[in-house]
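One predicted model, sequence on top.
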Amino acid sequence: MTRKVLVVEDEESIRKFIKINLDRSGYTVLEAPTGEEGLEIAKSEAIDIVVLDVMLPGIDGFEVCRSLRSSYPHLGIIMLTAKSQDIDKIMGLEYGTDDYMTKPFNPTELVLRIKSLERRLESEGSPDTSMLEFPPFKIDVYSRLFYRAGKEIELTPTEFSIAKLFMENPGRAFKRDEILNHVWGVDFVGDSKIVDVNIRRLRSKIEEDSSQPYYIETVWGLGYRWRAKS
């Protein structure tokens with residue numbers, strides 16, 4: 001299946017540069033120079049992944065990300081941030097982006113990031129072997145749906161992949177680097193903040209009290225684990 005990628009970037013030279021490299025990799029690419037136009041395209045096209053610049057005329061990338069995430073929770077979003085602006089990275093993750101890259105960037109790395117995100121979007125398993133249960137939670141891996149007590153909870157592709165990893169390995173402590181390798185891929189170039197922010201977002205959705213998490217435990221000095229069944 002050919003994935004549709006929407007590139008929302010106001011600088012035409014960068015936008016065309018991204019499009020050329022994604023075209024070569026077999027993606028169908030749509031372009032938008034503003035956040036408003038990007039949102040309109042997302043309404044009319046079945047977009048799989050969005051490459052989204054932070055600095056846009058009109059509404060900025062953070063607002064676009066928040067709107068996209070609210071309307072299309074299963075959409076993959078990669079945000080482009082200014083060089084060395086850590087606050088942009090953290091804010092982007094808090095708004096719901098799955099990944100980020102800093103400008104200037106290597107086009108090959110961007111393609112690798114998109115492929116990594118694409119793997120998170122793909123359904124895994126078969127209808128007969130796709131259910132993971134850990135009461136009150138249940139994951140339908142085939143349909144990529146997550147439930148608590150029978151009620152669906154909308155997770156981003158990255159949050160879903162983390163939840164799946166944990167529920168497949170209850171009681172196992174994962175280092176942050178291990179989570180990065182499993183979820184983002186071994187070719188991911190970035191820091192572990194992306195893990196911590198996604199864990200925080202996931203906790204806010206599934207825990208009764210995210211400030212005192214019960215299911216996703218912090219292993220101090222190491223990483224995280226899913227509480228084993230008692």
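Nice, thanks for sending it over. The structure displayed is predicted, hence computed values, not measured ones. Residues are numbered from 1 along each chain as shown.

quick check: domain ranges of the protein?
4-121, 131-226 (automatic domain parsing).

Out of these, which is the most enclosed?
Mean neighbour count (mean count of other C-beta atoms under 10 Å) peaks for domain 4-121 among the domains of the chain, with a mean of 18. Placement of C-beta: from N, CA and C, glycine included.

any idea which residue sits dead centre in this structure?
Centroid-nearest residue in the chain, with C-alpha atoms, centre = their mean: Asp98, separated by 2.4 Å.

gap between it and Leu75?
Counting by C-beta to C-beta, to the nearest Å, the gap from Asp98 to Leu75 is 9 Å.

who touches both of these two?
Residues touching both Asp98 and Leu75 (C-beta atoms under 8 Å, 6 or more residues apart in numbering) are Pro157.

Could I get the contacting residues of Ala149?
When the contact criterion is C-beta under 8 Å, 6+ apart, the partners of Ala149 are Pro136.

mind checking how far it is from Glu133?
12 Å.

same check, this time on Pro33
Pro33 sits 46 Å away from Glu133 when distances are taken as C-beta to C-beta.

can you check Pro104 too?
Distance, Pro104 to Glu133, using C-beta to C-beta: 46 Å.

coming back round to it: columns mean pLDDT on top of the domains of the chain, output as a markdown table?
What follows is these, written out as a markdown table (pLDDT from 0 to 100):
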| stretch | mean pLDDT |
| --- | --- |
| domain 4-121 | 89 |
| domain 131-226 | 90 |
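
show me where the chain has helices.
12-24, 35-44, 61-71, 86-95, 107-121, 157-168, 176-179, 193-206 (DSSP state H).

Could you export the ones you listed as a markdown table, including distance to Trp220?
Formatted as a markdown table, these follow (distance: least, C-beta to C-beta, whole Å):
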| stretch | distance to Trp220 |
| --- | --- |
| helix 12-24 | 40 |
| helix 35-44 | 40 |
| helix 61-71 | 30 |
| helix 86-95 | 22 |
| helix 107-121 | 28 |
| helix 157-168 | 17 |
| helix 176-179 | 12 |
| helix 193-206 | 13 |
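
Can you say which of those is nearest to Ile139?
helix 157-168 (5.8 Å; C-beta to C-beta).

Show me what the closest one is packed against.
Identification of packing neighbours for helix 157-168 by 3 or more C-beta pairs under 8 Å, 6 or more residues apart in numbering; DSSP states H and E yields helix 107-121, strand 131-134, strand 137-140, helix 193-206, strand 223-226.

Ser161: which of those is closest?
Nearest of the helices and strands packed on helix 157-168 (C-beta to C-beta): helix 107-121, 4.8 Å.

residues in contact with stretch 20-29?
Contacts of stretch 20-29 (C-beta under 8 Å, 6+ apart): 2-7, 18-19, 107-108, 110-111, 114-115.

Return that stretch as PDB; C-alpha atoms alone will do.
What follows is stretch 20-29, C-alpha atoms only, in PDB (Å, rounded to 0.1, in the frame of the first residue of the first chain):
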ATOM      1  CA  ILE A  20      11.600  14.800  -4.300                       C
ATOM      2  CA  ASN A  21      13.100  12.500  -1.800                       C
ATOM      3  CA  LEU A  22       9.800  11.000  -0.700                       C
ATOM      4  CA  ASP A  23       8.700  10.600  -4.400                       C
ATOM      5  CA  ARG A  24      11.900   8.500  -4.900                       C
ATOM      6  CA  SER A  25      11.000   6.300  -2.000                       C
ATOM      7  CA  GLY A  26       7.600   5.500  -3.400                       C
ATOM      8  CA  TYR A  27       5.300   7.800  -1.300                       C
ATOM      9  CA  THR A  28       2.400   9.900  -2.600                       C
ATOM     10  CA  VAL A  29       3.200  13.400  -1.500                       C
END
